[in-house]
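S.K.: no FASTA, just this:
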């Protein structure tokens, strides 16, 4: 593994990136606003587990294909963007439904988990980030193979980023409690959540 100075720089840089407002934060906040805290937590878990797909891909060198073959990058990016817009539209269509309770809430949380894994796997920016970021902290002279170092460092990055996502779920949950005091609050929460996802999808599609 890298020496202690490099590891300190790694943790500081990772934490700075993790707590900068980004798409994952907006996404889990939108899921929380539209479906409640449990769905938000499951969305954060889905994004977290989906992140390991990119960690493994980066460690095995597969993610580098996205940088080397622009057509693949564009196809994956557009698929992810369209899926986000689709989720946003579906949330807006259900804006007049009451917040789910009991069994229905569990079903909503499971849907949020599955959707979030798909969204994260279809996010090529995450793959490019790991490919560009992790090698800077790998020690080619270390006893551990490079791919093992990439896996360990990638796992740490994923955990730190997920801590920021969980913080967003907490804040969005507090917002829901305030909105619940108003009769139209849940409706506007779903409108906000669906709109965030559609804007996020549009941004992903248009970003170079």
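M.R.: Happy to help now that I have it. Predicted model, so just to flag it, every value in this text is computed and none were measured.
S.K.: Could you report the separation of residue 77 from residue 205?
M.R.: Separation of residue 77 from residue 205 (C-beta to C-beta, to the nearest Å) stands at 7 Å. Heads up, the C-betas are built off the backbone N, CA and C, glycines and all.
S.K.: err, residue 48, not the other one
M.R.: For residue 48, the distance to residue 205 equals 24 Å [C-beta to C-beta].
S.K.: Tell me the helix or strand right after the helix ranked longest in the chain.
M.R.: Assignment by DSSP state H gives helix 146-180 as the longest helix of the chain. Proceeding N to C from helix 146-180, the next assigned helix or strand is helix 185-206, under DSSP states H and E.
S.K.: In this protein, what helix or strand scores lowest on average pLDDT?
M.R.: helix 64-68 (a mean of 67; mean pLDDT, DSSP states H and E).
S.K.: helix or strand right after that one?
M.R.: Next along from helix 64-68, by DSSP H and E: helix 70-93.
S.K.: So which other helices or strands are in contact with that following helix?
M.R.: Secondary-structure packing of helix 70-93 (3 or more C-beta pairs under 8 Å, 6 or more residues apart in numbering; DSSP states H and E): helix 23-35, helix 64-68, helix 102-121, helix 124-133, helix 185-206.
S.K.: still on that earlier bit, please say which of residue 48 and residue 205 ends up with more neighbours.
M.R.: Set side by side, residue 48 and residue 205 show more neighbours around residue 48, with 21 against 16, by other C-beta atoms under 10 Å.
S.K.: residue ranges with poor pLDDT in this protein?
M.R.: Judged against pLDDT under 70, the low-scoring parts of the chain cover residues 1-2, 63-67, 94-106, 179-189, 208.
S.K.: got a list of what the residue most central in space within the chain touches?
M.R.: Note on the chain: the residue nearest the mean C-alpha position is residue 24, at 3.6 Å, using C-alpha atoms, centre = their mean. Shown in contact with residue 24 (C-beta atoms under 8 Å, 6 or more residues apart in numbering): 47, 120, 161, 164-165.
S.K.: Pull the number of nearby residues for residue 110.
M.R.: Around residue 110 there are 14 residues (other C-beta under 10 Å).
S.K.: For the residue of the chain positioned farthest from its centre, pull up the helix or strand it's in.
M.R.: Relative to the C-alpha centroid of the chain, counting by C-alpha atoms, centre = their mean, residue 141 is the outermost residue, at 32.9 Å. Residue 141 is part of no helix or strand, with elements assigned from DSSP H and E.
S.K.: swap in residue 143?
M.R.: Taking DSSP H and E as the definition, one finds residue 143 inside no helix or strand.
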